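Q: sequence and computational prediction follow.
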Amino acid sequence: MVVLLLSICYRSSPMVLKAESNAGSNQTGANQAGAKAWSGAVLHTAQGFGAQGLPVVAGQVPPGLRGTLYRNGPGRLERGDGLRPTGGHRRVGHWFDGDGAILAVKFAAAGVTATYRYVETAGYLAEEQAGRFLYGGYGSHGSDSWVQRWRSLKNAANTSVLALDDRLLALWEGGLPHGLDLQTLETRGLDPLGGLSPQASYSAHPKRDGRTGEIFNFGVAFGRETILHLYRSDRTGQVQQRGQVKLAGIPLLHDFVLAGRYLIFCIPPVQLNLPPVLLKLKTFSEGMQWQPQLGTEIVVCDRESLALVARWRVEPWFQWHFGNGAELADGTVVLDVVRYEDFATNEFLREVATGRVQTVAGARLWRLRLDVARSRVLEAFPLVDRHCEFPVVAPQCVGQPWGETFVNVHRSGVDETMGELFGAIARVDGETGDLTIADCGENRYPTEPIYAPDRENPERGWVLTVVFDGDRGCSEVWVYGAERLAEGPICRLGLPEVIPPSFHGTWQGV
């Protein structure tokens, strides 16, 4: 879920034949004493399923909801351990290292169907055949064996998705995306997007302009210099233009924002201590160092030329995700960013993969207004003064003025000190910061809310999320009216298997 900065180390693994099954541990962890109910989903090893009709558990599917919800996230965190005579299982060292699994939920006039399938990367297939981990990742060595630690890193293809007209891209930031069939989710292989090198990296957070269809993205590569590579693609996903910006050190960069004429990056003061990572003494996660004295650097590039426009440093913070950005009539730029005070979030996310969380890592949604011409921040304040994450806006608003943002929040009475994952979604009023909260109920955990425009009425939209019910041990797709969140879901659809919580998703309408 991060720009792993692995392009210097990542190489594709040899393709092997697919194993006959997805056999693996299905221990949910929910029965462990003191474990939170969410662990039943996080520690579930997904089996996957082909296209199946989904039963309506409650409510009715809106007739204007037509298209497909795609979600991507780690489907398995454990494998057998063939190196130990006593057998047993090994678990990945960080939540970011689980094998990517794609859920596709298709809404059509004839009904709703779903498919859930692993991205069959070369590394995934090799480990399926071996029955154990072979490759390292962001927070995992992959093996206790020093010899095997020197294997190439695995492209986990587990972070997000980009739906194009002719294919789906499974995104992971340390390498190229994998192309998949939009209907069957069959893996076609690495996708160079019309000319990127096999060693290139491509972020999991591309921005698609809802008016032009253009797609903007970036990748980070390091060697003698650290280079921020900028990509401008047409609506087919093929890269048409590239740019470069030199960065200091080896920073951690996950997301950016499209704001009118600009691409804006906030480079947090997290730097990779490279020598112990190259020597395999530490993982990339362990090598990341919080250095607040550096401050956060704001980097602004022109969307047309991809050239650097301005850069300056401000007070330190860390972020994974931005909400949206836009250029205002007076020439200033406004953007929303989910700000953490430090890098404790990395340890929190590592602990999620264990099924227990002790680290406190709260974030707030901040509003910034920038004077790009004078390289300064005019305003910076918390728009939402409570822990939230995964901000999403309507796709037609990306890069343009917007009115509302949808986020994940905790239920009332629950905060970041309690070891819980998010139990509600909310709509943020862009003018006032007021929240309209949809509480999913005790021991129910929604994923990132995805906005789906109504096909029949452009003024109306729907918000979709996948909810794990820890008490019943099942997963469902919930559909909300975007303007009526507090009324609860207008439709709930049952899924045939527990879906481990995914990171990011997208909507493709018809």
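A: Here it is on my side, so go on.
Q: for A126, phi and psi?
A: Dihedral angles of A126 (phi, psi; degrees, to the nearest 10) stand at phi -60, psi -40.
Q: tell me how many other residues surround it.
A: Close neighbours of A126, defined as other CB atoms under 10 Å, add up to 19. The C-beta positions use only the backbone N, C-alpha and C, and glycine is treated the same way.
Q: distance of it relative to V92?
A: From A126 across to V92, the span is 16 Å (CB to CB, to the nearest Å).
Q: for the spatially closest residue to E448 that is not a sequence neighbour, give me its contacts.
A: Spatially, and ignoring its direct neighbours in sequence, E448 is nearest to F390 (3.8 Å; CB to CB, 6 or more residues apart in numbering). Neighbour list for F390: H321, V407, N408, T447, E448, P449, H504 [criterion: CB atoms under 8 Å, 6 or more residues apart in numbering].
Q: quick check: the fifth one is in a helix.
A: No - read with DSSP: H, G, I helix; E, B strand; the rest coil, E448 is coil and lies in no helix.
Q: quick check: it touching P501?
A: No - assessed by CB atoms under 8 Å, E448 is found out of contact with P501, at 9.2 Å.
Q: I'd say G494 and E476 touch.
A: Yes - contact criterion CB under 8 Å: G494 and E476 qualify, at 5.6 Å.
Q: these two: who's more crowded?
A: A direct count of neighbours by other CB under 10 Å for G494 and E476 places E476 higher, at 24 against 14.
Q: so what's the more buried one bridging to?
A: Beta-bridge pairing for E476 (DSSP bridges): V467, G494.
Q: show the pLDDT at it.
A: If you check E476, the pLDDT there is 98.
Q: go ahead and confirm it touches E497.
A: No - taking contacts as CB under 8 Å, E476 lies outside contact range of E497: 11.4 Å.
Q: rewinding a little: element containing the residue nearest to E448, please.
A: strand 388-392 (DSSP states H and E).
Q: downstream of that strand, the next helix or strand is which one?
A: Trace forward from strand 388-392 with DSSP H and E and the next one is strand 404-409.
Q: identify each buried residue in the helix or strand that comes right after that following strand, please.
A: Using DSSP H and E, the helix or strand that directly follows strand 404-409 along the chain is strand 424-429. The neighbour-count check on strand 424-429 (16 or more other CB atoms under 10 Å) flags A424, I425, A426, R427, V428 as buried.
Q: of those, closest to R242?
A: Using CB to CB, V428 is the member of the buried residues of strand 424-429 that lies nearest R242, at 34.5 Å.
Q: chain neighbours aside, what residue packs nearest to that closest one?
A: Nearest to V428 is T405, by CB to CB, 6+ apart, at 4.4 Å.
Q: got a list of what that neighbour touches?
A: By CB under 8 Å, 6+ apart, the neighbours of T405 are G323, N324, D336, L365, P391, V392, V393, R427, V428, G430.
Q: for V300, same thing?
A: V300 sits next to Y262, L263, I264, F265, L308, V309, A310, R311, V333, L370, V372 when contact means CB under 8 Å, 6+ apart.
Q: for the fourth one, list the residues it contacts.
A: For F265, the set of contacting residues under the criterion of CB under 8 Å, 6+ apart consists of F218, L228, L253, F256, I298, V299, V300, C301.
Q: in PyMOL, how would I select just the buried ones from those?
A: To isolate the buried subset of the contacts of F265 in PyMOL, counting by 16+ other CB under 10 Å, use the following:
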select buried, resi 218+228+253+256+298+299+300+301
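Q: just the contacts of F265 now: which is nearest A353?
A: Of all those, A353 sits closest to L253, with 22.2 Å by CB to CB.
Q: let me know whether the closest one touches I267 as I believe.
A: Yes - the pair L253 / I267 is scored as a contact, 6.2 Å apart, by CB under 8 Å.
Q: excluding covalently adjacent residues, which one is nearest to L370?
A: Closest residue in space to L370, ignoring its immediate chain neighbours: V333 at 4.5 Å, by CB to CB, 6+ apart.
Q: OK, contacts around that neighbour?
A: For V333, the contact set (CB under 8 Å, 6+ apart) comprises A259, G260, Y262, I264, V300, G325, A326, E327, R369, L370, V372.
Q: give me the subset of those residues lying in strands.
A: Secondary structure from DSSP state E places A259, Y262, I264, V300, G325, A326, E327, R369, L370 of these in strands.
Q: helices of the stretch 251-400 of the chain, residue ranges please.
A: For the stretch 251-400 of the chain, the helices defined by DSSP state H, counting those that start in this stretch cover 274-278, 284-287, 344-352.
Q: now those helices as TSV including mean pLDDT, distance to T115 and mean neighbour count?
A: Below are the helices of the stretch 251-400 of the chain laid out as TSV (pLDDT from 0 to 100; distance: least, CB to CB, whole Å; neighbours: other CB atoms under 10 Å):
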stretch	mean pLDDT	distance to T115	mean neighbour count
helix 274-278	93	37	14
helix 284-287	96	32	21
helix 344-352	98	26	20
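Q: wait, which of these is closest to A163?
A: Shortest distance between A163 and the helices of the stretch 251-400 of the chain, using CB to CB, is found for helix 344-352: 25.7 Å.
Q: that older thread, can you redo the ones in strands among the contacts of V333 as CSV with pLDDT?
A: Formatted as CSV, those follow (pLDDT from 0 to 100):
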residue, pLDDT
A259, 98
Y262, 98
I264, 98
V300, 98
G325, 98
A326, 98
E327, 98
R369, 98
L370, 98
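Q: and which of the residues you listed is nearest P63?
A: A326 (32.0 Å).
Q: that closest one and G260, how far apart?
A: A326 sits 6 Å away from G260, going by CB to CB.
Q: pass me the low-pLDDT residue ranges in the chain, would you?
A: The chain contains residues with pLDDT under 70 at 1-33, 82-88, 143-150.
Q: mind redoing it with 50?
A: For the chain, residues meeting the criterion pLDDT under 50 lie at 1-31, 85-86.
Q: that older thread, of the contacts of F390, just say which sits nearest to G137.
A: H504 (17.5 Å).
Q: so that closest one touches P206, yeah?
A: No - applying CB under 8 Å as the test, H504 and P206 come out as separate, 10.8 Å apart.
Q: ok so, going back, wait, which of the helices of the stretch 251-400 of the chain is closest to E120?
A: Closest to E120 of the helices of the stretch 251-400 of the chain is helix 284-287 (CB to CB; 24.0 Å).
Q: which elements pack onto that closest one?
A: Packing partners of helix 284-287 (3 or more CB pairs under 8 Å, 6 or more residues apart in numbering; DSSP states H and E): helix 274-278.
Q: helices or strands next to the helix it packs on in the packing?
A: Helix 274-278 sits against helix 284-287, with contacts defined as 3+ CB pairs under 8 Å, 6+ apart.
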